[in-house]
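Asker: Next come a sequence and a model predicted from it.
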Amino acid sequence: MNALQQASSDRVHHQRVVVMGAGKMGLPMALHLQHAGHTVTVCDPDPQRQKLAQDSGLRAQANAAQALSLAQVVVSSLPHDAALLQVSALVAQAAPRGALFVDTSTVSVSASAQAALPLHAADVAYLRATVSGNNKMAEAAQLTVMASGPRNAYDQALPLLQTWGATQFYLGAAEEARLMKLVVNLLIAQTSAMLAEALTLGQKGGLQWADMWQVIGASAVASPIVRAKAAQLSQHDYRPTFTVQQMMKDVGLILQAGADVQTPLPQTALTAQNLLAACAQGDAALDYAAVIRVAQRQADLGAT
């Protein structure tokens, strides 16, 4: 291999990556990229998250614009629409022409489309790479990636996406990944709503809590998400992998997506009200499965 071929190979296999957002998802994804041999710099407006990144062995940079100016790839994991719009504008302004921006956030379809405009004008490729899985799955590199955007951007990013999990889907050239993530999260939210009613019916009728979980786990309805929740919930353990408040945000995005395409989502709307009830009853920081406790209270069982 001559020097020119070696340089080309290095560009393919080794990237200078800036990760914007060192939260529960962004930090483990950054670590997987670094372990794969990429040069990773992390930027986060929270000094505590910056320190956590440094303590984890990552390079942290307080000056995001300076870090972006040297990036070949920018990855972001952000909490909401406003953060995506702010970060995408900064990437468009500070990243080199020809850079790749990979956003993994759960945001609205409309905000994602708006973020694309300055990136396109700045010649920065934009890949929407939403992920399915919680922070534990991120740490274990077990995320499923749902991507959309220019096909060549997906092909370039694929070796990076593969560090986060074994399964990737390419869904189209625009906002398809955003909508697919909301479809998946609708099913996740409604699984907890289904469990809430079913378990409360059984409990009120005299079935034992542990017995119900054993039977459910061996039945046809034992989906991966039900099995994942069973160990904790069978012990009335609502420590969060994803909080009620976080699920409320996602359900709001789902209902807005439904309104945008004139698709009624009546069951999801009811789940939104039950999540709101969980917040009103003091369970906002618990796992989103705390909608079970709402159903228990409604049936005069008391929350367990």
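Answerer: All right, it came through fine.
Asker: Going by C-alpha atoms from here, please, whenever you check contacts or count neighbours.
Answerer: Noted.
Asker: what comes into contact with the helix or strand where Q34 lies?
Answerer: Following DSSP states H and E, one finds Q34 within helix 26-35. Helix 26-35 has contacts (C-alpha atoms under 8 Å, 6 or more residues apart in numbering) with 19-22, 40, 42, 53, 56, 58, 76-77, 135, 138-139, 141, 160, 163-164.
Asker: Buried residues, it. List them.
Answerer: For helix 26-35, a neighbour-count test (16 or more other C-alpha atoms under 10 Å) marks G26, L27, P28, M29, A30, L31, H32, L33, Q34 as buried.
Asker: I'd like the average pLDDT over stretch 39-52.
Answerer: Stretch 39-52 shows a mean pLDDT of 94.
Asker: Would you mind putting the CA coordinates of that stretch into PDB?
Answerer: Extracted in PDB, the C-alpha atoms of stretch 39-52 (Å, rounded to 0.1, in the frame of the first residue of the first chain):
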ATOM      1  CA  THR A  39      -9.900  10.300  18.500                       C
ATOM      2  CA  VAL A  40     -12.900  11.600  20.600                       C
ATOM      3  CA  THR A  41     -13.400  15.000  22.200                       C
ATOM      4  CA  VAL A  42     -16.500  15.600  24.400                       C
ATOM      5  CA  CYS A  43     -18.300  18.900  24.800                       C
ATOM      6  CA  ASP A  44     -21.100  19.400  27.400                       C
ATOM      7  CA  PRO A  45     -22.400  22.700  28.900                       C
ATOM      8  CA  ASP A  46     -22.600  21.000  32.300                       C
ATOM      9  CA  PRO A  47     -19.200  21.100  34.100                       C
ATOM     10  CA  GLN A  48     -20.100  18.000  36.100                       C
ATOM     11  CA  ARG A  49     -20.700  16.100  32.900                       C
ATOM     12  CA  GLN A  50     -17.500  17.400  31.400                       C
ATOM     13  CA  LYS A  51     -15.600  16.200  34.500                       C
ATOM     14  CA  LEU A  52     -17.300  12.800  34.400                       C
END
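Asker: circling back to that earlier point, can you tell me which of the buried residues of helix 26-35 lies closest to I254?
Answerer: G26 (22.5 Å; C-alpha to C-alpha).
Asker: any idea how far the closest one is from A228?
Answerer: Counting by C-alpha to C-alpha, to the nearest Å, the separation of G26 from A228 is 22 Å.
Asker: before we move on, what about T104?
Answerer: Taking C-alpha to C-alpha, one finds T104 at 23 Å from A228.
Asker: ok, the two, which is more surrounded?
Answerer: The residue with more neighbours, out of T104 and A228, is T104; 24 against 12, by other C-alpha atoms under 10 Å.
Asker: got the contact list for the nearest residue to that one once chain neighbours are set aside?
Answerer: In space, and not counting its chain neighbours, T104 is closest to T130: 4.4 Å by C-alpha to C-alpha, 6 or more residues apart in numbering. T130 makes contact with D103, T104, S105, T106, V145, M146, A147, A177, R178, K181, according to C-alpha under 8 Å, 6+ apart.
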